[in-house]
Every structure is written in C-alpha cells, then in structure tokens.
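S.K.: Give the three-dimensional model of this entry:
(2 chains)
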Amino acid sequence: MTVSGRFVALVAFGVVPVIVLGSITGEPGVVLGLWLVFCVLLGVLDLSLAASPRQLGTARSIPARTRLGETVTSELYLTNRGSRTLRGVVRDAWQPSAGPATNRSRVTIPARERRVVPVELTPFRRGERRVEHVTVRSSGPLGLCSRQATLRSPGQLRVLPPFHARKHLPSRLARLRELDGATSVMVRGQGTEFDSLREYVRGDDVRSIDWRATARRRDVVVRTWRPERDRRVVIVLDTGRTSAARVADEPRIDTAFEASLLLAALATRAGDRVDFVAYDRRVRGRVQGATGADLLAKLVDSMAGIDPELIEMDWAAVPGQVRNITTQHSLVVLLTSIDAPGASTGLLSVLPQLTSRHTVVVASVTDPFALEASRTRGNREEVYLAAAAERALLDQARVSAAVRQLGAEVVTGSPEELPPALADSYIALKAAGRL
Amino acid sequence: MTATKLPTRADAYAFVNAGENDVTTPRARTVARRAVFWLGVAVVAVIVVVATLLLTRGGSTDGAELDPANPAPTGAKATAEVLRAQGVDVILPDGYDDALAEARRSGTTLALYDPAGYLTDERLTELVDAAGSTVLFGPTFGQLQSVASGVFAAGASDNDDALSAECDLPAAERAETLSPGPTFRFDPTTDATGCFPADSDRFAVVQLSTGDGDLTLVGPADVVSNDSVIRHGNAAFALGVLGETDRLLWYLPTLADVESTGPPDIAQLTPIWLVPTTSLLGITVLVAMFWRGRRFGPLVAEDLPVTVPAGETLEGRARLYQRISARTRAVDALRIGALGRLGRTLGLPRTATVYEVTDACAAALGRPREDIRGILVDTIPESERDVVSLSDALAELERDTAAAVDPRPPSRPS
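M.R.: Numbering: from 1, shown residues only, chains lettered A, B, ... in the order given. Predicted coordinates for the structure are as follows:
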C-alpha cells in the first residue's frame, strides 16, 4: 500500500476547514480530527476499490542476445486476471547496467485483457543482464492510494562483446587475398604450397618460370603458389588479475577479446582452424572445432560471460591446455600482459615448452599513458612521472626481449592498435610460411 | 495465461512466463500474523504502565490543599463527602466569575481558602458581599483588612492543647473543642463573637455579622483537612459551620483567577486555529515523507566490476620517487631511456656501450665529450632543480641529435 501526492494534497487542504470552520465553531481541534478521519476513510475507500496487482500474470519477450552498445526492446506482457480495470504504474526492475531508458510506465489494463509494456534497453556492460521482478502499483479511482505488489518475472539478456575491430577486417582480408595464388608476386618460402601452372604475363617474376612445363607447352609457363591452409591457431586468453586493469578506460580483457575476434575472423576465412580457451586457474571459456560464421557466434557467446578473476594466472597449466586442443604444430597466441620481469616469470618459464612445438605470439596491451608521460616534463612532478614511465617502458622492453629470446613473437599496442597489429603479425607469419 | 494469445516471435526471442502465484510481496494478513507478537508485547506494556499509574496515584500527596476532590491528607474530600451525604449541595466553581455567579444565588454558604492571596481586595470584598454566609479559612493579613477591618491576626496559640468553645455559637457549642492554630484579636467595639480562646483576648474563630449573613473567620485552616478533621471537635465544628445552608460554594482561587494587567499576552493574541493548523502541517509532512519514501519494489542487486586503472602503479612509483627524493634513480631511468633512443637515432647496434653512445653523440653534435658524458652519465643531481634541469638537458640532447642526424626540420617536436 502506498499513498500518492494527491493524498498529501488532500491532507494539506484541511488547513481551509480547520481555519474557517474552526473559527466559526470555536473548536478547530475537533475539525482537524474530523478532517483526518475523513481523509483516512476516503483513502481506505479508494484502496478498497483499486484492482489487485496480485491478479496480474506476467510474461516476457526478450531478444536472446545483443551486442554491447546496441539498443533492443524488451517486452513485458501483463494480463489482468481480475474483474476490475487496473490503472497504475509498472516498474520493470532491470539491472542498471542493462540500461533501461525508463523503468516506470503507466498502464491501464481492462479486466481479462493483456497489455504490453515495452522497455528500451541499451546495455553498457557485457555479460548476462538480468531482470528478476516487476513491481505494480494499482491506484484507486480517486488516485489517492495504491496497492503495490512485486511479482517474480525473471528474464535475461546476453550482451556480447562489441567487436569494434571488425572495421579492420576488410583491409586484412584484402591482404590475405594478395597472398593467394591469384598473383604470383609473393614471397617464396618453405611453407608456401605449389598451386598451379599458368601462362606468363608481363610483370611476373622471371624466377617463377617453370622451364620444364615451358618446354612441354612451347609457351612460357609460370608456377603459382598459394598460402598454406588448414593450419591451426590456438588463442589462449589470460583472464587473471592483470586482465582487469583498465588501459585507456577499457579493461585489458576487452581489448584481448577484440584482438582474438579479429584474428579468429581472419584465420577462419584463410582456411585455418581456430580454437579458443580463456584460462586463469581453470577454464573460463572454450570454443573448439567451430568454423566460419558459427565460430564467431560461438566466440562472442562464450566471451560474453567472462570477467577478469582477481587471481594469479597459472602459466604452468597452459602447455597442458594447448596439448588438450592439439598436438600438431600450430600458432599459439597468448593474450596477456607483459609488464614487469617479476610478474612475467610464470610466462617466461613455460615459453620454452610451447616454442619447442609451436609458433608462439605473445600479444599485450601497452598503456599509451606511459609513453605520453615519459615525454611530458614540464615541472618536478611530471619529471618524476616521466622517470617512472621510462622505468615501466624499460621493464616492458626487457620482458619483450626475454620473450623474443625464448623464440616467441611479441605484439604490443595500445587498445586501438593491438587487434590490427595482431592480425598483421598473423598475416606476416602466414606469408613466411611459419604456421 | 492462455497459450493461444502468446505473441509469435522469432527464435531469437526468449519467452518467459511467470507462474500463477509468483508474488513476493507478503499479503496484509501475513504481515499482521508476523506482527502479532510485537503488537501483543506493546499492548501488555501499555497495560502495565496504565495499571502502575492507577495504583500509585491513590497514595500521592499532590493536589490542592483543602480541595474537596483531593483524597490526600492535605485535601478535604472527607468533609465534602460527609456534607454531600447530609444533603448539602457542594459546588466547586470553575473560576472567579463562576464563583461570583453561584454566590449570588440565595441560600449559599461560601467557603474560601486563599493562602496565596490570588484574589484582589476588590474581588474578595465583592465575593463576600455577594454570598450569604462566608467561612474564611486561614485569612491572611490583607484579607482581614479588606473584609473584617476590626479583626487582627494575633499569632498562633501558645500551647498544643485543644481549645474549648466558651461561646454560644451553635456550631462551636456542638464541637466543644478545636485544634489549636492561628488566632485573632478584635476590637471590642465591633459586633463580633470570639470562640475557642487561646487566652483572654485571642480567639481561633471569630464570627462577624454582615448584612445578610455571617462572616466566620477560622484561624486553624486545617480543621477541615482529611488529616485533622477527625481530631477533637473539628468534624462537628466544620459540619456545623459549612452545613448551615443547603448550598455550599467551596472556592479555592488559583493562579487563573489573578486579574491580568498590562497588554494582552501572546496566548491571547494567537488565533485559536494556530495549533491545529501547525499540527495539520506536521501531519502533512509525515504523509509526504511516506509518499516519497515508499520504495517502488525491492532494490536490484548487481555485481559491479572492479576498476583498476593500469597507470596506477606508474603514478604510485612516481610519487614514491618524489617522496624519498630518489633523484639519482629517477634521472638514471630517464638516462637509460634516452641512451636507448640515442643509440637507435645514431644507428649504433643494440650492444653498443654507454660510452660508445656518448662519444658518437658528442661527435654528431660537435660538442665536448665531457659535457655529453656529464648529462648522460656522470652528473649526480644534488637538488630537485638539478633533476629538472638534467631532464630538460636530456630532452634537448635527444632533439638536437635527431636534428643533427636528419637535417630536415622535425615534423613534430618531441
């Protein structure tokens, strides 16, 4: 039960009879008491005439999933099973991060009818956004008092990572096609595969002329090559405590998601098999054996629910995880952070195990703030900040050097640069035939 | 909920239907059942408090002196009740005006006790004149002056023995004795009767004849009190004096009977509706608080992620350097960074030593080796100013070297 502003106004209006009638009769206290009794009686009458909110049946229609930053409409269906028309306000109690445009709507539901209450949702956090209940305030015909009840009506909306990096996909796919046998202008390496023979056209590399075939055909014939196919790419994502840090107001883990989505989209188009595992001390998400559009759908779905865990990454188990996925030679991409020599000991200790069997790329987000701070030296505070930034950059460089020494590639970049940089590194490795 | 009316939607939409009785708000009945224990506790507490008050009030000694409604020892309920039982109509007036109106009715005896002197002389005289017979208990000096100018106060009787009547007043004759107390002396020329003498010319009771009745002055006022009415002949005297007529006006003036003088006070100036109106506004505020404070359903809980800015460790380290004045360490960090960049600018291999870099730098800039070495290696900063100037020198060195190696104007100053 609750009262409305109208009821408050009604009580306050009692000032008039208390002064006027009180002055006439000489008993303003009695008038006050009578007025209060009148207000209460009117309120009780209004309350007893209000439709029962308990008689409502609820149903929901929610899109199963949406990308972060997009707006969807969730619909709440309210069925009045009672015999009176329900007039009132409905609060659809979505979590704040589901971003409801408004969570209060005025409804009028005649007896035995159903009405829909639409709610525009613009989620601003990834993951499962939930709604547990609906609260209904049913006001009486005078609008003085309302009956209130909370109905359980669970629902959920899965918010997927936004994949902003897909804007880089067309250009990277074009570069991938350049590698393809359509042109013979390409780097020859041990990993490229012989594709076919075709007639020489001007501009072809004379070194690719196949003299034996030329002799057979009495026409100049060149060999074409195509990049290797059906290789394996294993993306290992570190969801430990360092992935929670925000770089340029984006958690490291979100940048890692963007980078792995772009890499997976690229690799699956290039005909490689992509497997994904998110790990800290146990597996937080895993996608195996999916290809094409299905791969990206499964990846985003798996990533939606992953949040950084405030525990240390267990690097010793990572080779085992990779071995579970494949024993073939493959490209292992470790999305983690390389900050300080102390924090990277675990990574450095297991790298030899991985590099002995696989091609390894360590991708890490760098903080553009550190670079900027190392260059700003206006006053004393800024000089000390620059010194600390310089020290951080040196640490990073030392860890990168150690990683390279152990036979792995290092890709670093700011949150905007890392996904395309990782894609470029993949293309370069593919062109060099190192997959 | 009928299944036929469900909206048809693509598979991407999840459809959830709540159950029949999925209401989490408890019914009023349930709330009442849960609250019944505490309501019971409250009722019992109220009963205990009320019972305690009722039981302890009987023995209390407060209440006005000689009040006919006061059962305490100082009250006069016993006398009043006996008078009532004898058929005397005991009237308790509400105030002076009421008392005056009652006194004017014929056949009324006025019993007056005003030790604090609330009534002015004029009011007292008016009241005594209006009444038929008057019994004045314990009159003060002023009261004697105004109503019986020939009678004077003569102090308390000397000993504690009861006083005997020794006069022909019927009530006094019946009583025979009276408790001792204040006495009067009177001018022998006045037409007065003295009873209960303490010695030759001092009397505890003096009766004067006025126009239409008697004025009886009783020195020991407590003869009618509950405590002493049973002593000596007090009861007989009191009943005799007060029960002469069918109506007894028992008047005890209070503070409210003091005549006000000067301008009207604030209470008289405020309109009568002021207090009810302000209480109504208070009630309105309470209702408004309920209106705004009533929560629209339970709060929604949500786990929020921790926010860890990556630059936090960097800033922490910078503040640490500054607080402990780690000047050399800070400058060395800047130097190592600068050396690395200078080496790359000058095209030296990664394995080049510090002195190779400084020498190459000096050669490129055409500056003395010692200067460059001082900036890049040797100078130890002694003060904060040195730190800033070394930092500036390093930045300048990098800029100059870049310019010297690449003579084109730099596209962007670093």
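S.K.: And the helices in the stretch 251-400 of chain A?
M.R.: Taking DSSP state H, counting those that start in this stretch to define them, one finds helices in the stretch 251-400 of chain A at A:252-269, A:292-304, A:318-325, A:345-357, A:368-375, A:380-405.
S.K.: ranking these by burial, who's on top?
M.R.: helix A:252-269 (a mean of 25; mean count of other Cβ atoms under 10 Å in any protein chain shown). Heads up, the C-betas are built off the backbone N, CA and C, glycines and all.
S.K.: near chain B, anything from that helix?
M.R.: Yes: residues of helix A:252-269 contacting chain B under Cβ under 8 Å from any Cβ of the partner chain: A:R252.
S.K.: what is the orientation angle of that helix with helix A:292-304?
M.R.: 170 degrees (axes from the mean of the first three to the mean of the last three Cα atoms, to 10 degrees).
S.K.: mean confidence score for helix A:252-269?
M.R.: The average pLDDT within helix A:252-269 is 94.
S.K.: any weak-confidence spans in the chain?
M.R.: All of this is about chain A. Applying pLDDT under 70 to chain A flags the ranges A:180-195, A:225-227.
S.K.: should've been chain B
M.R.: Judged by pLDDT under 70, the stretches of chain B that qualify are B:1-21, B:57-63, B:211, B:260-262, B:407-414.
S.K.: where do the helices sit along it?
M.R.: Taking DSSP state H, the helices of chain B run over residues B:28-57, B:77-85, B:96-104, B:121-130, B:141-147, B:170-175, B:234-242, B:266-269, B:274-293, B:312-323, B:327-345, B:354-365, B:369-373, B:384-405.
S.K.: how much space is there between the most centrally placed residue in chain A and chain B?
M.R.: In chain A, the residue lying closest to the centroid (Cα atoms, centre = their mean) is A:P161, at 2.4 Å. Between A:P161 and chain B the computed distance is 14 Å (Cβ to the nearest Cβ, to the nearest Å).
S.K.: Leaving out the residues flanking it, which one is nearest to the residue of chain A found nearest chain B?
M.R.: Of all residues in chain A, the one sitting closest to chain B is A:T135 (2.9 Å; Cβ to the nearest Cβ). Distances taken as Cβ to Cβ, 6 or more residues apart in numbering or on different chains place B:G297 nearest to A:T135, at 2.9 Å, with adjacent residues excluded.
S.K.: I'd assumed A:L151 was in contact with that neighbour.
M.R.: No: contact criterion Cβ atoms under 8 Å: B:G297 and A:L151 do not qualify, at 9.3 Å.
S.K.: out of the helices of chain B, which comes closest to A:P141?
M.R.: helix B:274-293 (18.6 Å; Cβ to Cβ).
S.K.: Kindly reformat the helices of chain B as a markdown table containing mean neighbour count.
M.R.: Shown next, in a markdown table, are the helices of chain B (neighbours: other Cβ atoms under 10 Å in any protein chain shown):
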| stretch | mean neighbour count |
| --- | --- |
| helix B:28-57 | 10 |
| helix B:77-85 | 18 |
| helix B:96-104 | 17 |
| helix B:121-130 | 17 |
| helix B:141-147 | 17 |
| helix B:170-175 | 19 |
| helix B:234-242 | 22 |
| helix B:266-269 | 7 |
| helix B:274-293 | 15 |
| helix B:312-323 | 16 |
| helix B:327-345 | 19 |
| helix B:354-365 | 18 |
| helix B:369-373 | 16 |
| helix B:384-405 | 17 |
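S.K.: which bits of the stretch 151-300 of chain B sit near chain A?
M.R.: B:271-273, B:275-277, B:279-281, B:283-284, B:287-288, B:290-291, B:294, B:296-298, B:300.
S.K.: Just send the helices of the stretch 251-400 of chain A back as JSON lines, with distance to B:F196 too.
M.R.: Formatted as JSON lines, the helices of the stretch 251-400 of chain A follow (distance: least, Cβ to Cβ, whole Å):
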{"stretch": "helix A:252-269", "distance to B:F196": "110"}
{"stretch": "helix A:292-304", "distance to B:F196": "110"}
{"stretch": "helix A:318-325", "distance to B:F196": "120"}
{"stretch": "helix A:345-357", "distance to B:F196": "116"}
{"stretch": "helix A:368-375", "distance to B:F196": "110"}
{"stretch": "helix A:380-405", "distance to B:F196": "105"}
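S.K.: circling back to that earlier point, now do the contacts for the residue of chain A closest to chain B.
M.R.: Counting by Cβ atoms under 8 Å, 6 or more residues apart in numbering or on different chains, A:T135 touches A:V90, A:R91, A:A93, A:Q148, A:A149, A:T150, A:L151, B:F296, B:G297, B:P298.
S.K.: In PyMOL, how would I select the buried members of those?
M.R.: The PyMOL selection below is limited to those of the contacts of A:T135 classed as buried (16 or more other Cβ atoms under 10 Å in any protein chain shown):
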select buried, (chain A and resi 90+91+93+148+149+150+151) or (chain B and resi 296+297)
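S.K.: Which residue does the stretch 101-250 of chain B have closest to chain A?
M.R.: Closest point on the stretch 101-250 of chain B to chain A, by Cβ to the nearest Cβ, is B:A101, at 21.2 Å.
S.K.: Isn't A:G29 up against B:P276?
M.R.: Yes: with contact defined as Cβ under 8 Å, A:G29 counts as touching B:P276 (5.1 Å).
S.K.: and for the two, which residues touch both?
M.R.: A:G22.
S.K.: still on that earlier bit, of all the contacts of A:T135, which two lie farthest apart?
M.R.: So, these by Cβ to Cβ: farthest apart are A:V90 and B:P298, at 14.9 Å.
S.K.: Show me whatever sits in contact with both of B:G297 and A:L151.
M.R.: A:H133, A:V134, A:T135.
S.K.: is it true that the last one lies in a strand?
M.R.: Pointing back at A:T135 there. Yes: assessed with DSSP: H, G, I helix; E, B strand; the rest coil, A:T135 lies in a strand.
S.K.: Distance check, it against B:R329.
M.R.: 60 Å (Cβ to Cβ, to the nearest Å).
S.K.: Same question for the second one.
M.R.: According to Cβ to Cβ, A:V134 stands 61 Å off from B:R329.
S.K.: which ones are touching the residue nearest to the centre of chain A?
M.R.: So A:P161 contacts A:R67, A:L68, A:R126, A:D254, A:F257, A:E258, A:L261, A:V300, A:M303, A:A304 (Cβ under 8 Å, 6+ apart).
S.K.: contacting residues for the fifth one?
M.R.: Contacts for A:F257 were tallied using Cβ under 8 Å, 6+ apart; they are A:P161, A:F163, A:L237, A:M303.
S.K.: Which residues does the third one form beta bridges with?
M.R.: Legend: beta-bridge partners of A:L237 under DSSP bridges are A:A278, A:L335.
S.K.: That one: neighbour count?
M.R.: Residues near A:L237, counting by other Cβ atoms under 10 Å in any protein chain shown, number 24.
S.K.: Could you do the second one as well?
M.R.: A:F163 has 20 neighbours, counted by other Cβ under 10 Å.
S.K.: mind checking how far B:R185 is from B:G87?
M.R.: 37 Å.
S.K.: and what of A:R166?
M.R.: Applying Cβ to Cβ to A:R166 and B:G87 gives a distance of 112 Å.
S.K.: Those two: which has the busier surroundings?
M.R.: For the pair A:R166 and B:G87, the greater number of neighbours falls to A:R166 (14 against 8), based on other Cβ under 10 Å.
S.K.: which residues does the more buried one contact?
M.R.: So A:R166 contacts A:L261, A:L262, A:A265 (Cβ under 8 Å, 6+ apart).
S.K.: Help me confirm that the second one comes into contact with A:L418.
M.R.: No: using Cβ under 8 Å as the test, A:L262 is too far from A:L418 to be in contact (9.4 Å).
S.K.: Find the nearest non-adjacent residue to residue 379, please.
M.R.: All of this refers to chain A. Residue nearest to A:N379 in three dimensions, not counting chain neighbours: B:V388, with 7.4 Å by Cβ to Cβ, 6+ apart.
S.K.: ah, no, chain B please
M.R.: B:L390 (6.4 Å).
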